[in-house]
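K.L.:
coords please:
(2 chains)
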Number of protein chains: 2
Amino acid sequence: MNFTLLKTDARSKARRGVLETPHGTVQTPVFMPVGTQGTVKGLTPAVIHELNAEIILGNTYHLYLRPGMDIMEQAGGLHSFMGWNKPILTDSGGFQVYSLAQLRKITPEGVRFQSHIDGSQHFFTPEKTYEIQNMLGSDIIMVFDECVPYPSEHTYACNSLKITVEWAKKCKIAHKKNNTDKGLFGIVQGSTFKDLRSECAYALQEIGFDGYAIGGLAVGEPQMLLYEFAGYTADILPCEKPRYVMGCGFPEDLLVMVENGIDMFDCVIPTRYARNGTAFTSRGKLPVKNGAYKNDFAPLDPDCSCYVCTHFSRAYLRHLFNTGEMLGPVLLTQHNIHFFLELMRKIRTAIDNDRYVEYKNETMNKLLEGETP
Amino acid sequence: MNFTLLKTDARSKARRGVLETPHGTVQTPVFMPVGTQGTVKGLTPAVIHELNAEIILGNTYHLYLRPGMDIMEQAGGLHSFMGWNKPILTDSGGFQVYSLAQLRKITPEGVRFQSHIDGSQHFFTPEKTYEIQNMLGSDIIMVFDECVPYPSEHTYACNSLKITVEWAKKCKIAHKKNNTDKGLFGIVQGSTFKDLRSECAYALQEIGFDGYAIGGLAVGEPQMLLYEFAGYTADILPCEKPRYVMGCGFPEDLLVMVENGIDMFDCVIPTRYARNGTAFTSRGKLPVKNGAYKNDFAPLDPDCSCYVCTHFSRAYLRHLFNTGEMLGPVLLTQHNIHFFLELMRKIRTAIDNDRYVEYKNETMNKLLEGETP
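P.N.:
Down below sits the predicted model:
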């Protein structure tokens, strides 16, 4: 895996780059649609291709439990299993294990946890999650980490950090042995403590990774802290490596964090909101189930060129949700993923043209003008 | 609307024809995917186009209740509302009103019924269901009828028949006034009584329609009666008009009924079975949720050329159903609709080549060889 920083915006920290991976190249800044269980919910790979997604995300924890690694191995990995031949980044399961709360026990060796599906006992070590991701055929493997909750005590976050760094080392050793062109990313933890974020960022750089993720954000902290810590951490990461804020975010979050020098994002927001009937538009969120749209024959977003906006009205989409038709979530997911990918394309063009700040301000103002009536 | 009978198979009653409608032509024998509520469940119109469906079905009863006729009128009809620009046949609501059982009262003037959604009171007359279908922009309008249950007493079926014929006359009068190039089909009722089927068929021919449906079948009667009455009724219908068995059927039903001279079919079977995890294949039904498929990397149907069979394995599809992923029903629906449409294409080719009987026997044997292991 290789990252080339193409340029930095003239008047902000926004960066243009390109990732080269075993399954192809990815232009950054990039938003990665989430395919938790081997599918971006509701979209065929053909549609995801048409939407020009260059990379998607897969989840170690979920795929390890279902269909299980024996089947993933027989399938020849995740690309072949799900019919997606472009890059895949896999998370390490650290975040899912964190989400299990009462169902897991963390030790310096790893995490013992119970499946949320059948209660069966499992044990993840750094080496094991590395091996799972390797077997999945991931283009970008994430180290195993402990994602600490917000808020956390300094002592807890500090102790956790030591473990996270140790685990990162173990993953790096496994990666070296593996001798592969796949990428391996470290994950900076440290909660909302700048000294800990620094300590972690430097410790990881000493180990050396192909890219650096910023974890433990978007876990319930106020938006200002999210921005502050994403920006603070980005500043202490090496400029020649990609920076990835995990699990983020809303369109406005992406706009702010790109300005702070972040290159990569993933989030379930566009797909999850779509299933619940909320469209993202250039004028903010549009809750299409609302009765106000029952005879509104405008497209979801008059500024959008996607298949959904060029073929269907709000009234039709509202009808689909109102009658519980599967096509409602399917179409809204297509639109929302298009919206996020198109936003990133425009962001990249703005940086290319050294007008990121203007672009961001214009776009943000429109987004915040208020939800479309 | 116009129907041209192109030819009849040399050694059976199977017919090749072509329907010309305001929104395009339809090759017969044809299977019409069902789009009850303004959507073929789970498929975008783009996908339905790619599958080469030439006509789909819409439902008066459902669309009248939701989104309602004010919205359908503002939308400019069903084609525009749902983004489908090829032909649509609409049923009259007779079958749905029959399904309401305790919620409706039939009089010679029409049917008073309660909405299954909110209990609101409505009254359908023949003229009203005609007008609704006209406003929906249907290419082929069905007369309003009473679908009698199976089994029925001769007296009940006979009395009902008088009403059905009166209603058909009223629809014909409305259609004449309308002076349109849309088609109007009569519906032959008469339960499982040959004298009543004859009486109805002749009475309808006297009124004169663009095509004739055979209703009141596939309502719980034994398969032998379905075939017997479809064939019997087809024989007493005019050969220059299309014949349509409503609400049918399984692949083997279509094969038998085409041989008996039926031209048109519609059914929820391919879409409903898909949502429940059953694929139709050239070797019979395949229940993909079955544990037997968890590491079966063959396509659903090795003889199928559809997007699903050329890109995904049974193991992947089983995984999607096992994890409750929306993409499971979406992909199985694509496959099943392709399977039904491809079956009809092969049927048409076989008739073109005067080898329908051989084709039917070969296909039936393969279907009945037993479900794919």
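K.L.:
Around chain B, pick out the residues from chain A.
P.N.:
For chain A, the residues in contact with chain B under the definition CB under 8 Å from any CB of the partner chain are A:37-39, A:41-46, A:62, A:66-67, A:70-71, A:74-75, A:81-83, A:275, A:294-295, A:297, A:307, A:311-313, A:315-316, A:318-320, A:322-323, A:325-327, A:329-331. Heads up, the C-betas are built off the backbone N, CA and C, glycines and all.
K.L.:
looking at chain A, which helix or strand is least sure?
P.N.:
For chain A, scoring each helix and strand by mean pLDDT, DSSP states H and E identifies helix A:94-99 as the least confident one, at a mean of 85.
K.L.:
That helix - contacts with which helices or strands?
P.N.:
If contacts are counted by 3 or more CB pairs under 8 Å, 6 or more residues apart in numbering or on different chains; DSSP states H and E, helix A:94-99 sits against helix A:60-63.
K.L.:
right, and A:Ile337 touches A:Pro270 too?
P.N.:
Yes: counting by CB atoms under 8 Å, A:Ile337 does reach A:Pro270; the two are 5.4 Å apart.
K.L.:
what residues are shared contacts of the two?
P.N.:
Contact with both A:Ile337 and A:Pro270 is made by residues A:Pro33, according to CB atoms under 8 Å, 6 or more residues apart in numbering or on different chains.
K.L.:
Residue ranges in chain A under the pLDDT threshold?
P.N.:
For chain A, the stretches flagged by pLDDT under 70 are A:370-373.
K.L.:
who touches the residue nearest the centre of chain A in this structure?
P.N.:
For chain A, the residue nearest the mean C-alpha position is A:Asp266 (1.4 Å; CA atoms, centre = their mean). Going by CB under 8 Å, 6+ apart, A:Asp266 touches A:31-34, A:57, A:89, A:244, A:246-248.
K.L.:
can you check A:Tyr150 too?
P.N.:
Counting by CB under 8 Å, 6+ apart, A:Tyr150 makes contact with A:191-192, A:216, A:219-221.
K.L.:
For it, what are phi and psi?
P.N.:
phi -110, psi 130 (degrees, to the nearest 10).
K.L.:
Tell me which residue of chain A is furthest from the middle?
P.N.:
Chain A, CA atoms, centre = their mean, max distance from centroid: A:Asn295 (35.7 Å).
K.L.:
For A:Ala230, see how far away the closest residue to A:Gln223 other than its chain neighbours is.
P.N.:
Setting aside the residues directly before and after it, A:Gln223 is nearest to A:Asp253 in space (CB to CB, 6 or more residues apart in numbering or on different chains), at 7.6 Å. Taking CB to CB, to the nearest Å as the measure, A:Asp253 falls 9 Å from A:Ala230.
K.L.:
Who wins on neighbours among the contacts of A:Tyr150?
P.N.:
Ranked by neighbour count under the definition other CB atoms under 10 Å in any protein chain shown, those are headed by A:Gly216 with 34 neighbours.
K.L.:
Quick check: which element contains that residue?
P.N.:
Using DSSP states H and E, A:Gly216 maps to neither a helix nor a strand.
K.L.:
again, but for A:Glu252
P.N.:
Following DSSP H and E, one finds A:Glu252 within helix A:251-259.
K.L.:
Extract the CA atoms of that helix and return them as CSV.
P.N.:
The C-alpha atoms that make up helix A:251-259 are tabulated as CSV, following Å, rounded to 0.1, in the frame of the first residue of the first chain:
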residue,chain,number,x,y,z
PRO,A,251,-21.7,16.1,6.1
GLU,A,252,-20.8,19.1,8.2
ASP,A,253,-18.3,17.0,10.2
LEU,A,254,-16.6,15.8,7.1
LEU,A,255,-16.3,19.4,5.9
VAL,A,256,-14.7,20.6,9.1
MET,A,257,-12.4,17.6,9.5
VAL,A,258,-11.1,17.8,5.9
GLU,A,259,-10.2,21.4,6.7
